[in-house]
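Peer 1: okay, sequence plus prediction incoming.
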Amino acid sequence: MNWIALEHLLDHTPRSRPVTLNPSLDHAELRQQALRLAAGLRNRGVARLAVHLEDAAELAVALLGAWRAGVTVLLPADLQPASRARLAHQADLWLTDLVGDVRLSELFAEPVEGAKLDLDGCRLLLCTSGSSGEPKLIEKRLRQLANEVETLEACWGADLGDACVIASVAAQHIYGLLFRVLWPLCAGRPFLRRAQPFSEDIQLASRQHPRFCWVASPALLKRMGDNLDWPALRSVRRVFSSGGALDAEAAQRLEQRLGQLPTEIYGSSETGGIAWRQGGKLWHPFDGVQLSQDEQGALRVASPCLPPGHIEQTADAARIEADGRFELLGRLDRIVKLEEKRISLTMLEAALNEHPFVSDTRLGVINENRAYLAALVALSEAGLHALRNGGRRALTETLRKHLAKHCEALALPRRWRLVTRLP
């Protein structure tokens, strides 16, 4: 493959280098749009740009253009009103698909010159759930992102070749951003503009490409059933999974159907990629990752994906083997994963407790066919009055609507238990 380092994507104009398909975009067009965006951002005096775009090619243009202009990019995890309100002071301008926000084409101006991007000056802010429940901004420098995509290429670039990248996950989070956008851009692999959220979509997209790989979540892979044309899908170069552990039964089904076990990636927005595995319980650390443990047995991480000299403390308990491989033993805080989304139970409980019907609440995860949240709610006097007069269904729907301002639909509790006080 014709590798271009992340910092050199705007000072090279290679010929016949595809970026996306349907509609197609090549590297020269991507570069031109990014340089036009850089000019437009400079003209407006933008210092911080919030970006939330479904189109991965537009996201690539936005990132490169902003970095060329010296603008810090904020990637909000969602566009919920409460999320936007909390982040309002972090951005001068919002570039999204929503009506009322600025569109990419509105920012284009006469292009600036192409140039190497500053590895230590270009900044990205990721938004995720902190252990206290408050949204947490995580800063990444371009150097950390560049180190990570080079590690990924060293591990699997030869296997993938020119495979088209077909993904089910959003690019607003670190896994989707790296695997769907930045890594393919550097490697010259085409990628689909839109996420393919259902297994039937993945199948349809795969049939249109002779060589392809999947960037998926455990939730999607577990739902892939017998209705798919598995013999036609066995040519997939590699199946990546991240955002939570894939259970062994689902992994074995995929091995029987595809002739390979999924490649699982372990990491977080804070740490970047830490390790990988392809079957079994033990994880293999990526090159350059150094692991240790605190007194509670939680992993501590140093790696090229972190600032130099920084050691990131995780809340993941682990058992480390003599050869450096390790087994994860569970979380030590109240962050849970639903689908590939990281959810703070503490934050959702605080949001529910703000409603006048609620005096206290406790959330938990129930694992049946799919994992979902359940809520144990102690009602206030006003809540008990509403229950007596309007009934259970009306009350829980009121609480769901209140909570929907603070989270995505998948984080809304599906099961409610109403009590006068918590046990």
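Peer 2: Right, received. Where do you want to start? Residues are numbered from 1 along each chain as shown.

Peer 1: low-scoring pLDDT stretches of the protein, where are they?
Peer 2: By pLDDT under 70, the weakly predicted segments of the chain are 1, 129-135, 340.

Peer 1: the helices in it, which residues?
Peer 2: Ranges of helices in the chain, per DSSP state H, are 27-44, 56-68, 81-87, 142-160, 174-176, 183-187, 199-207, 218-223, 230-233, 248-258, 345-353, 381-390, 392-404.

Peer 1: quick one: closest of the ones you listed to K337.
Peer 2: helix 218-223 (8.5 Å; C-beta to C-beta). Any C-beta I mention is one placed from the backbone N, CA and C, and that applies to glycine too.

Peer 1: which parts of that closest one are buried?
Peer 2: Judged by neighbour count using 16 or more other C-beta atoms under 10 Å, the buried positions of helix 218-223 are P218, A219, L220, L221, K222.

Peer 1: then stretch 49-66?
Peer 2: 49-53, 55-66.

Peer 1: cool, and stretch 25-36?
Peer 2: Within stretch 25-36, the residues that count as buried by 16+ other C-beta under 10 Å are L25, D26, H27, L30, R31, Q32, Q33, A34, L35, R36.

Peer 1: what's the residue closest to the geometric middle of the protein?
Peer 2: Centroid-nearest residue in the chain, with C-alpha atoms, centre = their mean: H173, separated by 2.3 Å.

Peer 1: can you list the domain ranges for this structure.
Peer 2: What automatic domain parsing lists as the domains of the chain is 6-143+164-195, 209-333, 336-419.

Peer 1: most packed of those?
Peer 2: When you average the neighbours per residue for each of these (mean count of other C-beta atoms under 10 Å), domain 6-143+164-195 leads with a mean of 19.

Peer 1: what distance separates the opening and closing residues of it?
Peer 2: With C-alpha to C-alpha, to the nearest Å as the measure, domain 6-143+164-195 spans 22 Å from end to end.

Peer 1: centre of the chain to that domain, how far?
Peer 2: In terms of C-alpha atoms, centre = their mean, to the nearest Å, the centre of domain 6-143+164-195 is found 14 Å from the chain centre.

Peer 1: E139: what's it in contact with?
Peer 2: Contact partners of E139, counting by C-beta atoms under 8 Å, 6 or more residues apart in numbering, are R123, L124, L125.

Peer 1: for those, give me a markdown table that also has distance to G383.
Peer 2: Output for those, formatted as a markdown table (distance: C-beta to C-beta, whole Å):
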| residue | distance to G383 |
| --- | --- |
| R123 | 45 |
| L124 | 42 |
| L125 | 38 |
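
Peer 1: for R400, state which of these is nearest.
Peer 2: Closest approach between those and R400, by C-beta to C-beta: L125, at 30.2 Å.

Peer 1: so that closest one touches V73, yeah?
Peer 2: Yes - using C-beta atoms under 8 Å, L125 is in contact with V73, at 6.9 Å.

Peer 1: now do the contacts for the residue lying closest to P413 once chain neighbours are set aside.
Peer 2: Computed as C-beta to C-beta, 6 or more residues apart in numbering, the closest residue to P413 that is not its neighbour in sequence is A375, at 3.9 Å. By C-beta under 8 Å, 6+ apart, the contact list for A375 reads L352, T361, R362, L363, L399, P413, R415, W416, R417.

Peer 1: which of the residues you listed fall in strands?
Peer 2: Those of the contacts of A375 mapping onto strands are T361, R362, L363, R415, W416, R417, per DSSP state E.

Peer 1: would you mind writing the CA trace of stretch 178-186 as PDB?
Peer 2: Provided in PDB are the C-alpha atoms of stretch 178-186 (Å, rounded to 0.1, in the frame of the first residue of the first chain):
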ATOM      1  CA  LEU A 178      -9.100   5.400  14.000                       C
ATOM      2  CA  PHE A 179     -10.400   2.300  12.200                       C
ATOM      3  CA  ARG A 180     -12.900   3.900   9.900                       C
ATOM      4  CA  VAL A 181     -11.200   7.200   9.000                       C
ATOM      5  CA  LEU A 182      -7.600   7.900  10.000                       C
ATOM      6  CA  TRP A 183      -6.000   4.500   9.400                       C
ATOM      7  CA  PRO A 184      -7.600   4.000   6.000                       C
ATOM      8  CA  LEU A 185      -6.700   7.500   5.000                       C
ATOM      9  CA  CYS A 186      -3.000   6.900   5.700                       C
END
